[in-house]
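K.L.:
Below: sequence and its predicted model.
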Amino acid sequence: MASGSVEPSSAMSDFLEKSNGYAILDGGLATELERHGADLNDPLWSAKCLISSSHLIKRVHLDYLEAGADIIITASYQATIQGFEAKGLSREKSESLLWKSVEIAREARDSYYKEHGECLVNDVGNGSLLNQRPILVAASVGSYGAYLADGSEYDGNYGDLVTLETLKDFHRRRVQVLAESGADLIAFETIPNKLEAQAYAELLEEDDKNIPAWFSFNSKDGVNVVSGDSLLECASIADACKKVIAVGINCTPPRFIQGLILSIKKVTTKPILIYPNSGETYDPERKEWVKSTGISDEDFVSYVTKWREVGASLIGGCCRTTPNTIRAISKALSKGFAAPLQ
Ligand code: MET
Ligand SMILES: [Zn+2]
């Protein structure tokens, strides 16, 4: 590696070091937009707001920053060029909406710094994090299953016709655009199977992209990823990819998280991130969250210290968590905790 350049993985370690060894992620974005009245019953889901209500996206990013988030995740989870084109938008317009998702998050960060009188100096890619409260913008990439909006996001079953190349072709341009968008990193979220993790890893290596990324899987049994693929194998793919600076789990019930952290630790020394959902489950047929198993913010937060102790260093929330959840996580972590087990 050329002198002066920084290994992506050490950039995240530097970032964490400057923030007491841990960082707080934001909470659910799409479900929070919905709570503010956005109608996301659409194949584009939260990406619909990029077309019609960017002010609301900025508002929610700001709410998370005010609640204590150090990293905010853009509204590009279900923003795909193919999805926008299916709505009749041009290729150019579709790509500009991807850019816009990052621009909105950066604007929210600027407004936050302005409001709080802090200067904006941070760049995880170059390892120069000089500010006392660095805030990162993570450009979200949801899975192929999220684009299909047919439930395969939560079962990872794409059928035999979908190959590694299909997935790479599907994601390629979108990842290129987001890599050039000014985001600090790419958040590959809710990865449902091994094939898609492999596709992302290979895309990151293509044209030597100058942006780090995290890989976050989802699980519905607390052992494997949702497709049934081995979490250990999935996390090993992330571990082997130089561009990946953190590995973890999102949109998974809180009760499974501790065991999943312990599994991931077996195959990587990279920072572990977790941002569980509220414990409710999404019913793809009814297109709604089923409330019965949900937990309160207090219950969610009662897990946080344990997650930190067993080794998570980036902690936030996913669907149906809110700025209140993030505020409670922030408070719980700032009270101190036992040092992470090695
Ligand atoms: C289905 S998981 C969704 C993750 C995404 N970052 C969101 O909160 O909108
Ligand atoms: Zn989620």
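P.N.:
Looks like it arrived, so ask away. Everything numeric here is computed off the predicted structure, so don't read it as measured data. Residues are numbered from 1 along each chain as shown. Ligands and ions are numbered 1, 2, ... in the order given.
K.L.:
mind listing the helices for the protein?
P.N.:
Assigned by DSSP state H, the helices in the chain fall at 8-18, 30-35, 48-52, 54-67, 81-86, 91-116, 144-148, 164-179, 194-205, 231-240, 254-267, 297-310, 323-334.
K.L.:
Rebuild those as a markdown table, extending it with distance to ligand 2, mean pLDDT and mean neighbour count.
P.N.:
Every residue, glycine included, has its C-beta placed from N, CA and C. As requested, the helices of the chain are exported to a markdown table (distance: least, Cβ to the ion, whole Å; pLDDT from 0 to 100; neighbours: other Cβ atoms under 10 Å):
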| stretch | distance to ligand 2 | mean pLDDT | mean neighbour count |
| --- | --- | --- | --- |
| helix 8-18 | 22 | 80 | 18 |
| helix 30-35 | 7 | 97 | 21 |
| helix 48-52 | 16 | 96 | 20 |
| helix 54-67 | 14 | 98 | 20 |
| helix 81-86 | 18 | 98 | 17 |
| helix 91-116 | 16 | 97 | 18 |
| helix 144-148 | 10 | 96 | 22 |
| helix 164-179 | 19 | 98 | 19 |
| helix 194-205 | 16 | 98 | 22 |
| helix 231-240 | 17 | 98 | 20 |
| helix 254-267 | 12 | 97 | 19 |
| helix 297-310 | 14 | 88 | 18 |
| helix 323-334 | 12 | 95 | 20 |
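K.L.:
Present the ones you listed as TSV; the columns should include distance to ligand 1.
P.N.:
Shown next, in TSV, are the helices of the chain (distance: least, Cβ to the nearest ligand atom, whole Å):
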stretch	distance to ligand 1
helix 8-18	19
helix 30-35	3
helix 48-52	10
helix 54-67	10
helix 81-86	14
helix 91-116	11
helix 144-148	7
helix 164-179	13
helix 194-205	14
helix 231-240	16
helix 254-267	15
helix 297-310	15
helix 323-334	12
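K.L.:
Now distance to Leu136 too, for those, in TSV please.
P.N.:
Formatted as TSV, the helices of the chain follow (distance: least, Cβ to Cβ, whole Å):
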stretch	distance to Leu136
helix 8-18	7
helix 30-35	19
helix 48-52	20
helix 54-67	11
helix 81-86	25
helix 91-116	9
helix 144-148	22
helix 164-179	14
helix 194-205	17
helix 231-240	18
helix 254-267	21
helix 297-310	19
helix 323-334	15
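K.L.:
of these, which approaches Ala246 most closely?
P.N.:
Of all the helices of the chain, helix 8-18 sits nearest to Ala246, with 5.8 Å by Cβ to Cβ.
K.L.:
what helices or strands is the closest one leaning on?
P.N.:
strand 128-129, strand 244-250 (3 or more Cβ pairs under 8 Å, 6 or more residues apart in numbering; DSSP states H and E).
K.L.:
Check these for me and report the most buried one.
P.N.:
Neighbour counts (mean count of other Cβ atoms under 10 Å) averaged over each of these peak at strand 244-250, with a mean of 27.
K.L.:
ok so, going back, lowest mean pLDDT across the helices and strands packed on helix 8-18, which one is that?
P.N.:
Among these, strand 128-129 carries the lowest mean pLDDT, at a mean of 45.
K.L.:
circling back to that earlier point, indicate which one of the helices and strands packed on helix 8-18 is closest to Glu202.
P.N.:
Across the helices and strands packed on helix 8-18, closest to Glu202 is strand 244-250 (Cβ to Cβ), at 12.1 Å.
K.L.:
Quickly note the distance from the residue nearest to Glu298 when sequence neighbours are not counted to Ser216.
P.N.:
Closest residue to Glu298 apart from its sequence neighbours, by Cβ to Cβ, 6 or more residues apart in numbering: Ala328 at 7.2 Å. As for Ala328, its distance to Ser216 is 21 Å (criterion: Cβ to Cβ, to the nearest Å).
K.L.:
cool, and Val225?
P.N.:
10 Å.
K.L.:
List the residues that are in contact with both of those two.
P.N.:
Taking Cβ atoms under 8 Å, 6 or more residues apart in numbering as the contact rule, Val225 and Ser216 both touch Ile191.
K.L.:
Quick check: Gly21 touching Ser313?
P.N.:
Yes: under the criterion of Cβ atoms under 8 Å, Gly21 makes contact with Ser313 at 6.3 Å.
K.L.:
The closest residue to ligand 1 within the stretch 151-300 of the chain: what's it in contact with?
P.N.:
Nearest to ligand 1 in the stretch 151-300 of the chain, going by Cβ to the nearest ligand atom, is Cys251, at a distance of 4.0 Å. When contacts are counted by Cβ under 8 Å, 6+ apart, Cys251 touches 189-190, 218, 275-277, 318-319.
K.L.:
List the ones among those that fall in strands.
P.N.:
189-190, 275 (DSSP state E).
K.L.:
Looking at those residues, which one is closest to ligand 2?
P.N.:
Thr190 (6.2 Å; Cβ to the ion).
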